[in-house]
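> fold the following for me, if possible:
(chains A, B and C)
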Amino acid sequence: MTRWSEAQTKPSISEASEACLACHAQLHPGMIADWRKSRHANFTPVMSLKRSKLEQRVSNEKVPSDYMNTVIGCAECHTMNSGKHKDSFEHNGFNVHTVVTPSDCATCHPVEVQQYGKNLMVHAYGNLTRNALYQDLMNSINGIQTFEQMKTTIKSPDRETQLDSCLHCHGSEVKVKSVKARKTEMGEMAFPLLSGWPNQGVGRLNPDGSKGSCAACHTRHQFTVEMARNPYTCSQCHKGPDVPAYKVYEVSKHGNIHSSLGKGWNFNAVPWTVGKDFTAPTCATCHVSLIVNESGEVVAERTHQMNDRSAWRLLGLIYAHAHPKTPDTTIIKNKAGLPLPTELTGEPVGKYLIDIKEQEKRKATMQRVCLSCHSQGWVEGHWARFENTIKTTNEMTLTATKILLMAWEKGVAKGLAQKDDIFNEAIEKKWVEQWLFYANSTRFASAMMGADYGIFANGRWYMSKNIQEMLDWLEFKLQTIPDKKDRKKRR
Amino acid sequence: MTRWSEAQTKPSISEASEACLACHAQLHPGMIADWRKSRHANFTPVMSLKRSKLEQRVSNEKVPSDYMNTVIGCAECHTMNSGKHKDSFEHNGFNVHTVVTPSDCATCHPVEVQQYGKNLMVHAYGNLTRNALYQDLMNSINGIQTFEQMKTTIKSPDRETQLDSCLHCHGSEVKVKSVKARKTEMGEMAFPLLSGWPNQGVGRLNPDGSKGSCAACHTRHQFTVEMARNPYTCSQCHKGPDVPAYKVYEVSKHGNIHSSLGKGWNFNAVPWTVGKDFTAPTCATCHVSLIVNESGEVVAERTHQMNDRSAWRLLGLIYAHAHPKTPDTTIIKNKAGLPLPTELTGEPVGKYLIDIKEQEKRKATMQRVCLSCHSQGWVEGHWARFENTIKTTNEMTLTATKILLMAWEKGVAKGLAQKDDIFNEAIEKKWVEQWLFYANSTRFASAMMGADYGIFANGRWYMSKNIQEMLDWLEFKLQTIPDKKDRKKRR
Amino acid sequence: MTRWSEAQTKPSISEASEACLACHAQLHPGMIADWRKSRHANFTPVMSLKRSKLEQRVSNEKVPSDYMNTVIGCAECHTMNSGKHKDSFEHNGFNVHTVVTPSDCATCHPVEVQQYGKNLMVHAYGNLTRNALYQDLMNSINGIQTFEQMKTTIKSPDRETQLDSCLHCHGSEVKVKSVKARKTEMGEMAFPLLSGWPNQGVGRLNPDGSKGSCAACHTRHQFTVEMARNPYTCSQCHKGPDVPAYKVYEVSKHGNIHSSLGKGWNFNAVPWTVGKDFTAPTCATCHVSLIVNESGEVVAERTHQMNDRSAWRLLGLIYAHAHPKTPDTTIIKNKAGLPLPTELTGEPVGKYLIDIKEQEKRKATMQRVCLSCHSQGWVEGHWARFENTIKTTNEMTLTATKILLMAWEKGVAKGLAQKDDIFNEAIEKKWVEQWLFYANSTRFASAMMGADYGIFANGRWYMSKNIQEMLDWLEFKLQTIPDKKDRKKRR
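The predicted model follows:
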């Protein structure tokens, strides 16, 4: 990290931040040393605002004057907007809050925060916890099962388990539950006791009423763009079988190049120059970053909406479909009344989804990045293949769904008609894997040329096998529960 | 990458290539910037041919004179041999082809291309698609299944799905399907529309009649040997559960060393000096590269045949066996008439396979690499253990095969006798996993000391569990299909 | 690696080591080149002992005088204590042994060896092979199964398979089985033929009677602390589904930071300064290394006991529990007489386990590392969540256990009462996966904030699914074995 390369003298730290450092440099040496390496610790907004438009990292040209001439230190962020922060507490003469939020960051970075506000991620908490089907899914995964009398019973998951599980990435609701007195090296002091803490999930509900966490990707306290641009950071939430984006990237030629040659790249340059700073894309290159060519022409504008270069939503739902129009997906209902953007049999619920024109626009934005290194023919060929894979994986999911619907109809599993959780029985869990793991993996592999993730590594091999195993399960059940009144002999 | 370290002046670019760059540097800045970092862009064949024999990267001492004195630029490769290229098209006064092939590369690198021609990989397309059993396997994986009347039906996979799946690594057949006019910044221009494109698979069938793609490992357009020598590049096709070579390497001590200390190694030196340039092997070290010691003595000759340091073929077939004699395996038939190098019960079909003398020779070649860092006792102990594992994993596969044969015999699954696809039913898929995933993984772990990949990570744990699950499946089926005429009560 | 930065002249190599190098530099150039990069090759104990206490790597202040003034070369280690080494053999006038052991290393590093002696790892061989249940587990995994007459039979695994499997990490018993004459470039020479070799497992039984292998982490022959501190080294044995510590670390924020920024860290500094040398912990930071802050104050003392910062034993046993008091766990018996630290239903066998006071002490030691970068509130919140996860994962294991107990009771599987191996049937293997894979993974994810490893990547998703599949299996069996006398109709 460059330090004061543009300044004659080291820029000053505010008195308030100096006061923080007086104790905390000793108490949390790693945290402070990390911050000292950051741009925040080495540049003032005044210094940053002198840069050209394309080089700009501060998107507010009118940063409040009291922040302009010192570096961005502890106090700047942790005492900012304290009136709005329910987690604010009196601490040695300062009103300090633990949880720095996008609203705080917006003081200098409003454009990014506004873009992020249109991102599905910012609603990751509500979209999960306020969707009745997803609640069932969470219960079926996180609830404790017991076994008595040849039956299993499931109880609702406790709060800490939810936080340790789905909400780790989706974000928690952070609230002040009480104030706790704690003995410290400076005597007894009072601190707010937070529930839902720690958490840096992308859709966190913050004590100041805002949503999200910039630290999910811009890791504290160095906040280096190098972190956010490296695919490792994305892997925290995008590596599991439900969303194997990172794994697919890693084996893609793009990932191979990054792993082999990335050590010589410049991950800190703004703007980010294709060919000069890097020779293969990372996640950020295609989905987020401001990319220019060596002549300084813009290849792609920076976006923190993340999906505005993506025409299709590949993951998380039963069928891939056009992206929803609004990031708050709790408003979506299909014809059957389920909170889903498609019917259970795959037909998209058009009115909630972006239309083909918007899809074409997003595709074109993404393809401009591709065309930096690939010919038009290459890109078109790739895209046709990818969109064919969206279609065929949806078909393979439909087949699995039909087997499940038959199981419900025949009464060998309890489904929607019985108002039962549709994710809690073995056959239902196999159905979930069909779309959440295997169809997803296949689509990601197709999108990023991830080879075996489209075949043997949770791809088509498993889609095809899973259908056969669901069929066998159905047959076994039909044969072994012979007294069920609606049972028909198969042979 | 060194630039002109040996030349007084920067070597010149041909007029033709300058003409390409005039537009394409603007159109595809990343592609061109990448090439500018390559040796191709910075050295002429004349400069390269001045090096000593061991340092030589150009294996043709008689490079055509018109290529000798300029760097190897766009036009050199993309207009070479254009008469043979069905994908060649008129483009601003040049006959240009999109797909650069091993035959083109052979102009300067004939020895490597010739060696590669003896490699199984070069036949990866035909060996897969012209083997009736493998075709069945592909159909069973890539075909779309439907569910009606309590039965599933499978339809043949479409071409794009095959390309997105198996053929991604095996290679596609690239053909000109039509000519397409496209509006460009330079006005309307005509381009060939290619089927099977994009693709960089190792066994690609090219429009000039050649086979293979050097770019599979020597990544465009930097073509750095650093890429081909880093294990990440191999991971593109050798990481899935069917061929977990990279994953095993990564946890092996060799991989640990590469990950921890590799950032200080010299991946670009030719020849590659053990101990000086690197302190642990990568995939290329053991299987491909020219290795010397610090005195300049050759430890291993460069080979692009890849398997000529390997006595055993560990993967892809039902049982591990001696390598086939010829890289075109479509000629192989076992006694039962199946296109397999062993019987279904494991006995090798000797006449198609290398004999023990050739095996010993290959083993000795490989072991000379091992002996660079390990004692004779270590190497012998390792090898004895590895060959024992080949034997025991074959035994565990045989057991799974016997259960499958029983399922066919009892009529609870349809097999060879019924001329049914032997990979489409659940029990058959479990059988495939026994050898394609678990026995493979165990053997790779043994070959490269990959610890848990021989046990819990798709190794022996799964081999042993899979047999028990196949047995249970067989029992369930026998019990629940009671009216089948050849059924015998088990108890 | 610094070379003689503190010395005026290059320190000398002993005459004995020079004699070794005379031939072996030629025979095993990689091995020797690697050693030449080591501190051993570049510093004498005298030079090392001049450093300050905190910088000290040599923990014996009284290194024998004949080792003091030369670097630590081949002969120093491979001829040391030769009287105790059964693998010692006459070789060109020297008594040489192949297997260098912790007892040899203790000459200069006695404190570390003594600490390591209290580590579970040092007993990894005996704890596995002298525990009757674990023997059954090994047999069920590594034994070759055959299928005849609709039944499978398992035979005891051969020695080489055990070595290739569990003992790769746990360590082998290395013994001299015979002496073998071998033709060498220097004429015929005799060498001991070792069984259990090669092996660098953590609990290896050595020919000098000692236990363990320092080379498991301190990789030969560079022995750089950089290797031991990089998480890749730990991944050799801690990556599989049974102990996915590395995988969890990799996706944790700590791992993300290491992957993105670690290339700029100083992995060789002793002591290791938080914030200065590194900005996020690796495995070694939290579990092993001597950590100081920039003022030189000790954050954590170095330990090679490994578990003395860990209150809980998360892996390897059916239920998570307080760590055993002694590293030799073969003394442990539960009330039912099984060699387990808990009952089959989860209750801990208190007398063999550390008490809550010791747990609190270990937790506090670990938390001092956390507090280098995190606030007290963060750390407490994290810990409460983690300990809740220990509880809930144990509950989910208990449920799986109850289903298994029912299967045994109903006679559809053979268990303890029948004195059968409790790991060899399909239902038993699913039970093993509940705790060995899924509960473990969930706990590791909780301990290190590894997100999806607590949910879809072998976490809660699989725990919840596995219970349903075990239940289905039980039902199928009860329905399809109708003549069993103790069978009760479920409906």
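
> quick check, the helix or strand hosting A:T397 touching chain C?
Remark: A:T397 resides in helix A:376-409, with elements defined by DSSP states H and E. No: counting by C-beta under 8 Å from any C-beta of the partner chain, chain C has no neighbours in helix A:376-409; the shortest distance is 12.1 Å. The C-beta positions use only the backbone N, C-alpha and C, and glycine is treated the same way.

> mind giving me the packing neighbours of the next helix or strand after that helix?
Where DSSP H and E defines the elements, the next helix or strand beyond helix A:376-409 is helix A:426-433. Using 3 or more C-beta pairs under 8 Å, 6 or more residues apart in numbering or on different chains; DSSP states H and E as the contact criterion, the elements in contact with helix A:426-433 are helix A:376-409, helix A:460-480, helix C:460-480.

> list the buried residues for helix A:426-433?
By neighbour count on 16 or more other C-beta atoms under 10 Å in any protein chain shown, the buried set for helix A:426-433 is A:426-433.

> quick one: average pLDDT of the helix or strand following that helix?
Next in sequence after helix A:426-433, counting helices and strands by DSSP H and E, comes helix A:440-448. What helix A:440-448 shows for mean pLDDT is 98.

> can I get the helices and strands packed on helix A:426-433 in a markdown table including mean pLDDT and distance to C:A322?
As requested, the helices and strands packed on helix A:426-433 are arranged in a markdown table below (pLDDT from 0 to 100; distance: least, C-beta to C-beta, whole Å):
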| stretch | mean pLDDT | distance to C:A322 |
| --- | --- | --- |
| helix A:376-409 | 98 | 44 |
| helix A:460-480 | 96 | 39 |
| helix C:460-480 | 96 | 22 |
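
> nearest to B:T233, out of these?
helix A:376-409 (19.6 Å; C-beta to C-beta).

> tell me the spacing between the residue nearest to A:H85 when sequence neighbours are not counted and chain B.
Nearest non-adjacent residue to A:H85, counting by C-beta to C-beta, 6 or more residues apart in numbering or on different chains: A:H97, 4.0 Å away. When C-beta to the nearest C-beta, to the nearest Å is the yardstick, A:H97 and chain B sit 40 Å from each other.

> check A:E380 too.
9 Å.

> pull the number of nearby residues for that residue.
Around A:E380 there are 18 other residues, counting by other C-beta atoms under 10 Å in any protein chain shown.

> for the stretch 151-300 of chain A, which segments count as strands?
Chain-ordered strands for the stretch 151-300 of chain A, with DSSP state E, counting those that start in this stretch as the definition, fall at A:151-155, A:175-184, A:187-195, A:272-273, A:291-292, A:298-300.

> that older thread, adding distance to C:N268, write the helices and strands packed on helix A:426-433 out as TSV.
Compiled in TSV, those are given as follows (distance: least, C-beta to C-beta, whole Å):
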stretch	distance to C:N268
helix A:376-409	44
helix A:460-480	44
helix C:460-480	40
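
> burial check on A:V122, number of neighbours?
27.

> hang on, it packs against A:D328?
No: the pair A:V122 and A:D328 fails to qualify as a contact (C-beta atoms under 8 Å) at a distance of 9.0 Å.

> can you tell me which residues in the stretch 1-150 of chain A are near chain C?
A:26-34, A:36-37, A:98, A:140-147, A:150.

> hang on, the earlier thing: and the angle for the helix holding A:T397 with helix A:460-480?
With axes from the mean of the first three to the mean of the last three C-alpha atoms, to 10 degrees applied, the angle from helix A:376-409 to helix A:460-480 works out at 10 degrees.

> show me what contacts the residue of the stretch 251-400 of chain A found nearest chain C?
For the stretch 251-400 of chain A, the residue positioned closest to chain C under C-beta to the nearest C-beta is A:K263, at a distance of 5.9 Å. Under the criterion of C-beta atoms under 8 Å, 6 or more residues apart in numbering or on different chains, the neighbours of A:K263 are B:263, C:263.

> list the contacts of the residue in the stretch 251-400 of chain A that chain B sits nearest to.
Proximity of the stretch 251-400 of chain A to chain B (C-beta to the nearest C-beta) peaks at A:G275, 2.3 Å away. Contact criterion C-beta under 8 Å, 6+ apart gives A:293-294, A:372, B:29-34, B:36 as the residues in contact with A:G275.

> A:T273 now?
A:T273 makes contact with A:291-294, according to C-beta under 8 Å, 6+ apart.

> so how far is stretch A:181-199 off the chain centroid?
Mean-position distance between stretch A:181-199 and its chain equals 29 Å (C-alpha atoms, centre = their mean, to the nearest Å).

> make that stretch A:95-108, sorry
In this view, stretch A:95-108 has its centroid 20 Å away from the chain centroid, taken as C-alpha atoms, centre = their mean.

> quick one: low-confidence ranges for chain A?
Residues of chain A that meet the criterion pLDDT under 70 lie in A:1-8, A:482-491.

> what's the nearest residue to A:G203 if we skip its chain neighbours?
A:A124 (2.9 Å).

> could you identify the helix or strand that succeeds the helix or strand where the one you found lies?
Under DSSP H and E, the secondary-structure element containing A:A124 is helix A:124-129. If you walk from helix A:124-129 toward the C-terminus, the next helix or strand you reach (DSSP H and E) is helix A:132-142.

> what sits against A:V369?
Applying C-beta under 8 Å, 6+ apart, the residues contacting A:V369 are A:281, A:285-286, A:291, A:299-300, A:309.

> one step back: chain B next: which of the contacts of A:T273 are close?
Among the contacts of A:T273, the residues within reach of chain B (C-beta under 8 Å from any C-beta) are A:293-294.

> could you pick out the residues of the stretch 101-250 of chain A near chain B for me?
Residues of the stretch 101-250 of chain A lying close to chain B (C-beta under 8 Å from any C-beta) are A:E250.

> ok, the spatially closest residue to the residue of the stretch 251-400 of chain A closest to chain B that is not a sequence neighbour - how many residues close by?
Counting by C-beta to C-beta, 6+ apart, the nearest residue to A:G275 once its immediate chain neighbours are dropped is B:A33, at 2.3 Å. B:A33 has 23 neighbours, counted by other C-beta under 10 Å.

> please identify the helix or strand for B:A33.
Secondary-structure assignment from DSSP H and E places B:A33 in helix B:29-36.

> helices and strands around that helix, which ones?
helix B:15-27.

> the stretch 1-150 of chain A: strands as residue ranges?
According to DSSP E, counting those that start in this stretch, the strands that the stretch 1-150 of chain A contains are A:89-91, A:94-96, A:144-148.

> can you put those strands in CSV and add mean neighbour count and distance to B:I467?
Rendered in CSV, the data for those read as follows (neighbours: other C-beta atoms under 10 Å in any protein chain shown; distance: least, C-beta to C-beta, whole Å):
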stretch, mean neighbour count, distance to B:I467
strand A:89-91, 15, 62
strand A:94-96, 17, 62
strand A:144-148, 18, 27
